[in-house]
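[1] I need the structure of the sequence given here:
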Amino acid sequence: MNKHALSRVLCWTCALALAAPVSAAVYRTVDEDGNVVYTDVPPNTDPAAARVIVSPVNTAELGTSTTAAPEAYAEDADDFAYEAADILSPADDEAVRANMGDVQVEIDIYPALQDNHEVQLFLDGKAVLAGRDMSYRLNDIDRGTHTLRVEIINADGRVVFAGMPSRFHLQRYAIPTAPNQVQPLPTPVNPPVNPPPRRPRP
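    Numbering: from 1, shown residues only. A predicted model of the protein is given here:
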């Protein structure tokens, strides 16, 4: 067999192996010139034709990916949008009379506070209380003007919403001195020394 015939045989073999289904049969025959021929049509006249078993060819569908698609990003509960976190009491710019310095603070949040959030109350810029209640009591506040502000925080302590500040004026009486109480006179540090009297001249 010459080289050209062998090349044709190999090309036909590869083509049939790739194109034929797994279940298709391949037959080997020899023509009149002694050339080996492979075909998928069973010859009826050549008793020497032999069936060739071809190994299955691995195939894959194009455009199909075996990599799982990434999960969609779940909406963060901390992105819940609040509209207001206000101080209801004391009202803004209200004068509060409290001789003991105790002030009751009422808070309003809209929409309602979420389960994983808390309220943090600030007095004059300092955090004083935190929790989920809408009512708090501040004790022993000094006289004068004070500022209240509310922040909503998540479980990690991150601020998710900050309300507008509100101020109030605390009026508190000073403790008077007990009646009929005699105050001691201060003792001088260096008391003056009286000079001796002068003798009359003769």
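[2] Tell me, domain by domain, which residues of the protein belong where.
    Domain ranges of the chain: 3-52, 79-171, per automatic domain parsing.
[3] just the strands in the protein please.
    With strands called from DSSP state E, the chain shows them at 26-30, 36-39, 50-52, 84-89, 94-97, 103-110, 118-123, 126-131, 135-138, 144-153, 159-162, 166-171.
[4] mean pLDDT lowest for which of these?
    Mean pLDDT is lowest for strand 50-52 among the strands of the chain, at a mean of 61.
[5] Of all the residues in stretch 147-167, which ones are buried?
    Residues of stretch 147-167 classed as buried by neighbour count (16 or more other Cβ atoms under 10 Å): 148-154, 160-161, 163, 166-167. To be clear about C-beta, it is placed using only N, CA and C from the backbone, and glycine gets the same treatment.
[6] Among those residues, which one sits closest to Val26?
    Distance to Val26 across the buried residues of stretch 147-167 (Cβ to Cβ) is lowest for Asn154, with 69.7 Å.
[7] ok, now how distant is that closest one from Phe122?
    To Phe122, Asn154 is 17 Å away according to Cβ to Cβ, to the nearest Å.
[8] same question, Ile141
    Taken as Cβ to Cβ, the span from Ile141 to Phe122 is 13 Å.
[9] And for Asp86?
    14 Å.
[10] what about the two, which has more around it?
    Phe122 (17 against 14; other Cβ atoms under 10 Å).
[11] partner residues bridging the more buried one?
    Ala127, Arg149 (DSSP bridges).
[12] who touches it in this structure?
    Listed by Cβ atoms under 8 Å, 6 or more residues apart in numbering, the contact set of Phe122 reads 128, 147-151.
[13] Between the residues you listed, which sits nearest Asn35?
    Closest approach to Asn35 among these (Cβ to Cβ): Glu151, at 91.1 Å.
[14] Return the residues in contact with the closest one.
    By Cβ under 8 Å, 6+ apart, the residues touching Glu151 are 85, 119-120, 122, 159, 161-163.
[15] Tell me which two of the residues you listed sit farthest apart.
    Of all pairs in the contacts of Glu151, the most separated under Cβ to Cβ is Phe122 and Phe161 at 13.4 Å.
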